[in-house]
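A.B. asks: Sequence and predicted structure are below.
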Amino acid sequence: MASVWTQLRRFRHRDLLQQRLLRAFERDQHECTVIQSAAFRPFLTAWAEVLLKKSEGGATADPHDVPDEVVAASKSASAEVRWLVRRLVSREAMHRGTPHFPSVLLQRGPQYPFQPYELTYLRHKAGSLRGTEMVQKIELPESGGQAEPLPVRDLWAEGCLDDSDFTDFRKAPRD
């Protein structure tokens, strides 16, 4: 019975280590796919066993501090596992950062699906359905950098609010 509990403990630390490794990369990077693959699971288990021998947990492990046993064992593994271990040892995250704001969103004009009056206007005035002749550039206001503070609410005077407080009782309920 004790062996079952130790195995469950190992699996739990393996799952915690896997979550820690997944957080080291962006969600859509290929590294996350390899970390979740069946080919990398034995290396996760070995890594978790090394951490348990050191009395460390999988949740607090450094994702880039790969044990030597895992590095040595990965040399005989698949190409993706070798690549992932090299990426972890290199300590380079290769994050892309925040995406750029697309300039297409800074244009106001007719968009599909067209309103009936826009469709009529495009057919008669512009002569096409592209509508690029009607596009106007818009300016976004600069943000002040500081968010406005939320108004202070007096819960004793207003009471607690729930979803039914925002329900419009003039309409029929949806089933």
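C.D. replies: Yep, it's here. Only a predicted model underlies this, so the values are computations on that prediction, with no experimental measurement involved. Numbering: from 1, shown residues only.
A.B. asks: going forward, measure contacts and count neighbours with C-alpha atoms only.
C.D. replies: Will do.
A.B. asks: so which strand or helix has Pro173?
C.D. replies: Under the criterion DSSP states H and E, no helix or strand holds Pro173.
A.B. asks: neighbours around it, how many?
C.D. replies: By other Cα atoms under 10 Å, the residues close to Pro173 number 8.
A.B. asks: any idea how far it lies from Ser164?
C.D. replies: Distance, Pro173 to Ser164, using Cα to Cα, to the nearest Å: 12 Å.
A.B. asks: domain parsing for the chain?
C.D. replies: Per the record, the chain has its domains at 2-90, 103-137, by automatic domain parsing.
A.B. asks: So which residue is dead centre in the protein?
C.D. replies: By Cα atoms, centre = their mean, the chain has its centre lying nearest to Arg27, at 5.0 Å.
A.B. asks: ok, that residue - contacts?
C.D. replies: Not one residue lies near Arg27 by Cα atoms under 8 Å, 6 or more residues apart in numbering.
A.B. asks: And Trp156, how far from Pro173?
C.D. replies: 30 Å.
A.B. asks: Single out the most deeply packed of the domains of the chain.
C.D. replies: domain 2-90 (a mean of 16; mean count of other Cα atoms under 10 Å).
A.B. asks: Distance-wise, check the residue with the largest distance to the centre of the chain relative to Asp168.
C.D. replies: Centroid-distance maximum for the chain: His124 at 45.7 Å, with Cα atoms, centre = their mean. Remark: distance between His124 and Asp168 (Cα to Cα) = 42 Å.
A.B. asks: all helices of the chain, in order?
C.D. replies: Using DSSP state H, the helices found in the chain span residues 2-23, 30-35, 41-53, 68-74, 79-90, 116-121, 155-158.
A.B. asks: Looking at these, which is nearest to Arg96?
C.D. replies: Nearest to Arg96, of all these, is helix 30-35, at 13.0 Å by Cα to Cα.
A.B. asks: picking up where we left off before, quick check: pLDDT value at the residue farthest from the centre of the chain.
C.D. replies: With respect to pLDDT, His124 scores 77.
A.B. asks: That one and Glu118, how far apart?
C.D. replies: Going from His124 to Glu118 by Cα to Cα gives 10 Å.
A.B. asks: gap between Ser90 and Lys171?
C.D. replies: Ser90 is 61 Å from Lys171, by Cα to Cα.
A.B. asks: Please apply the same query to His124.
C.D. replies: To Lys171, His124 is 41 Å away according to Cα to Cα.
A.B. asks: Also Ala147?
C.D. replies: For Ala147, the distance to Lys171 - Cα to Cα - is 35 Å.
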